[in-house]
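[1] what follows is a predicted protein model with its sequence.
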Amino acid sequence: MKKASIFKRFLAVLIDGVLFAGLFWAFKNPSVQLLSIVYETILISQWGGQTVGKKIMGIKVVTTSGGQVDWVKAFVRSISKILSGLALGLGYFWAIWDPETQTWHDKLADTYVIEA
């Protein structure tokens, strides 16, 4: 399994973020943030480990054994992104020096982000 680069991961998050920023701006409703958790959970577990951003960047989320992520792991990973974003995003930056290039939410869900 070839791990995805930090740059590709960043661009995928940026693409998905732009989608939800547009929805938030259009509806001006904070519940759109909850929708992003549902979006990520469903797509990661049912669409081959990819969100729209990950699909565009050619990367995907898999279990640490290389298998398909089930909906429980996808939900844990999605909700754990809140933790990764705390403390100035340290949980996201963790992947830069982690030997397995895992963020905190990857570690909590036992997942890797790899080249698709």
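    Thanks, I have it.
[2] what mean pLDDT does the helix ranked longest in the chain have?
    Taking DSSP state H as the assignment, the helix of the chain that covers the most residues is helix 71-97. Mean pLDDT, helix 71-97: 95.
[3] try stretch 58-65
    Here the average pLDDT along stretch 58-65 is 98.
[4] offset the numbering so it begins at 780, please.
    OK, 780 is where the count begins now, so the last one is stretch 837-844.
[5] buried residues, it. List them.
    The neighbour-count check on stretch 837-844 (16 or more other Cβ atoms under 10 Å) flags Ile838, Lys839, Val840, Val841 as buried. C-betas here are computed from N, CA, C, even on glycine.
[6] so the last one, which state does it fall into?
    When the structure is split into helix, strand and coil by DSSP: H, G, I helix; E, B strand; the rest coil, Val841 lands in strand.
[7] need the three-state assignment for Val892.
    Recorded secondary structure, Val892: strand (three-state DSSP).
[8] whoops, I mixed them up, Gly828
    Three-state call for Gly828 (three-state DSSP): coil.
[9] which ones are touching the residue nearest to it when sequence neighbours are not counted?
    In space, and not counting its chain neighbours, Gly828 is closest to Lys839: 3.7 Å by Cβ to Cβ, 6 or more residues apart in numbering. Going by Cβ atoms under 8 Å, 6 or more residues apart in numbering, Lys839 touches Gly827, Gly828, Gln829, Lys833, Val892, Ile893, Ala895.
[10] next, count neighbours for the third one.
    For Gln829, the count of nearby residues is 18 (other Cβ atoms under 10 Å).
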